[in-house]
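K.L.:
need a 3D model of the sequence below.
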Amino acid sequence: MKKVLNIAILATATVIGASAAHADNGDTLKEVKARGALNCPGHTGSYLGFAEVDDKGVWNGLDIDLCRAMATATLGSPDKLKVIPLSWAQRWPSLQSGDVDIIIKASGGTFSRDTELGFQFSNSYYLGTTKVMAHKELGLTSMKDADGGTICIPAGASQERQVASYAEKLGIELETVAIEKTEELEDAYFSGRCDLYAQWGPVLAIARSVSKNPDDHVLLPDVLAVEPEVMISRQGDDNWVDISNWVLSVLLFAEQEGVTSHNVDEMKANPPTNEIAKMLGAQPGFGKPLGLEDDWGYNVIKNVGNYSEIFERNLGQDSPYKMPREMTALWNNGGVLFPLVID
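P.N.:
Numbering: from 1, shown residues only. So this is what the prediction gives:
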């Protein structure tokens with residue numbers, strides 16, 4: 001297992017070293033169980049479709065539902081989840097220090113986050129592109145036409161680096177306006193402070209769809225980057241990474257096999273395959289190797305639903321945003337997502 005090597009360039013080297021030692025013991029699951037709650041990140045404000053908070057403090061969104069799935073798998077209930085609002089920049093020190101147990105916050109798996117920050121990644125739960133939106137009245141047909149313009153980007157997120165790299169590739173200069181809070185970032189763009197708005201594709205599409213005049217804004221054809229969004233854990237706690245991967249696989253396998261929150265009781269009582277029986281705890285052996293109860297898969301599907309149910313209520317046809325699955329569909333439906341094999 002890799003250790004944190006490049007200490008000299010990290011301001012948080014002491015914290016990172018402490019967190020790596022903490023994770024080496026594989027204690028995350030033990031600490032979550034002892035605490036009786038999973039600490040998972042929200043957002044500073046709302047990140048529409050992924051982490052939204054209403055005026056009563058209730059959180060929803062695809063990322064929040066994945067946190068609920070992790071809480072259900074480890075503690076038996078989605079209610080045993082504590083959502084901690086974090087900015088993009090706060091993600092890493094909060095995970096390193098143990099303030100949160102896992103990062104599920106539209107965060108990509110990158111080389112520096114692995115080798116410099118000392119993190120490990122799950123398989124990808126969402127594959128998204130970084131895109132750019134522009135005011136239609138500017139008449140831009142691509143980013144090449146935006147030389148000398150201003151661009152709004154989320155501060156502390158990977159889009160900062162992606163915009164700089166893409167502008168250098170095109171040989172253009174852009175004035176960046178970096179803002180952490182999504183609502184303030186979008187206000188800056190829609191008020192005309194910026195000519196362009198660079199963001200993760202799904203969030204950009206949602207922002208345009210809920211804007212006052214969607215037709216006044218165009219999504220440029222440029223794709224700045226393709227980023228696999230992953231669940232991120234401290235390096236050294238392999239069991240915790242295994243749990244995150246198997247939670248994701250249960251959500252995807254259940255969708256693949258037609259197991260839903262509505263029929264999961266019948267599927268458990270009369271499982272059509274040995275794999276489904278094992279996943280739902282009708283046969284033993286799916287929990288103990290991970291330190292979980294054998295019926296944790298059943299509890300996840302019963303309480304949170306399969307991946308399709310999660311997607312559709314937060315981003316898809318049952319949400320205000322009506323987004324298609326596209327690349328985030330299952331492998332057998334034109335997408336890139338797939339479960340690990342349950343044997």
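
K.L.:
please count neighbours and contacts with C-alpha atoms only from this point.
P.N.:
Noted.

K.L.:
low-confidence stretches in this protein?
P.N.:
Counting by pLDDT under 70, the low-confidence segments of the chain come to 1-26.

K.L.:
where do the helices sit along it?
P.N.:
According to DSSP state H, the chain carries its helices in the segments 13-24, 28-35, 62-75, 91-97, 111-115, 159-170, 182-190, 201-209, 238-257, 264-269, 274-279, 296-304, 307-314.

K.L.:
out of those helices, which is closest to Thr130?
P.N.:
With Cα to Cα, the closest approach to Thr130 among the helices of the chain belongs to helix 201-209: 5.1 Å.

K.L.:
from Gly148, how far off is Leu48?
P.N.:
30 Å (Cα to Cα, to the nearest Å).

K.L.:
quick one: the nearest residue to Gly108 once chain neighbours are set aside from Pro214, how far?
P.N.:
If the residues on either side of it in the chain are set aside, Gly108 comes closest to Glu229, at 4.3 Å by Cα to Cα, 6 or more residues apart in numbering. Distance of Glu229 to Pro214, given as Cα to Cα: 27 Å.

K.L.:
again with Ile151
P.N.:
Counting by Cα to Cα - Ile151 and Pro214 are separated by 18 Å.

K.L.:
straight-line length of stretch 257-268, end to end?
P.N.:
13 Å.

K.L.:
ugh, typo on my part, it should be stretch 111-130
P.N.:
Between where stretch 111-130 begins and where it ends, there is a gap of 18 Å, by Cα to Cα.

K.L.:
could I get the buried residue list for that stretch?
P.N.:
Taking 16 or more other Cα atoms under 10 Å as the neighbour-count basis, stretch 111-130 is seen to contain the buried residues 114-130.

K.L.:
more neighbours: which of Leu48 and Gly148?
P.N.:
Taking neighbours as other Cα atoms under 10 Å, Leu48 and Gly148 compare with Leu48 leading, 23 against 11.

K.L.:
related to what we said a few turns ago, among the buried residues of stretch 111-130, name the ones in strands.
P.N.:
Per DSSP state E, strands hold the following members of these: Phe119, Gln120, Phe121, Ser122, Asn123, Ser124, Tyr125, Tyr126, Leu127, Gly128, Thr129, Thr130.

K.L.:
is it true that Gly285 touches Met279?
P.N.:
No. At 9.0 Å, Gly285 and Met279 do not qualify as touching, with contact defined as Cα atoms under 8 Å.

K.L.:
got a list of what the residue lying closest to Glu175 once chain neighbours are set aside touches?
P.N.:
Leaving out its chain neighbours, the residue that sits closest to Glu175 by Cα to Cα, 6+ apart is Thr150, at 4.5 Å. Thr150 sits next to Leu174, Glu175, Thr176, Val177, Arg193, Cys194, Asp195, Leu196 when contact means Cα atoms under 8 Å, 6 or more residues apart in numbering.

K.L.:
and these, which are buried?
P.N.:
A residue is treated as buried here by neighbour count (16+ other Cα under 10 Å); on that basis the buried members of those are Leu174, Thr176, Val177, Cys194, Asp195, Leu196.

K.L.:
reformat those as JSON lines; add distance to Met327.
P.N.:
As requested, these are exported to JSON lines (distance: Cα to Cα, whole Å):
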{"residue": "Leu174", "distance to Met327": "30"}
{"residue": "Thr176", "distance to Met327": "29"}
{"residue": "Val177", "distance to Met327": "30"}
{"residue": "Cys194", "distance to Met327": "29"}
{"residue": "Asp195", "distance to Met327": "28"}
{"residue": "Leu196", "distance to Met327": "25"}
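
K.L.:
what distance separates the start and the end of stretch 322-339?
P.N.:
The distance separating the two terminal residues of stretch 322-339, taken as Cα to Cα, comes to 25 Å.

K.L.:
end to end on stretch 153-161, go ahead and measure it.
P.N.:
10 Å.

K.L.:
same question, stretch 36-53
P.N.:
Using Cα to Cα, first and last residues of stretch 36-53 are 23 Å apart.

K.L.:
in it, which residues are buried?
P.N.:
Of the residues in stretch 36-53, those buried by neighbour count under the rule 16+ other Cα under 10 Å are 37-53.

K.L.:
which residues touch it?
P.N.:
Judged by Cα under 8 Å, 6+ apart, the contacts made with stretch 36-53 from elsewhere in the structure are 32, 59-64, 67, 70-71, 75, 80-88, 91, 99-106, 181-183, 203, 206-207, 314-315, 321.

K.L.:
cool, thanks, talk later.
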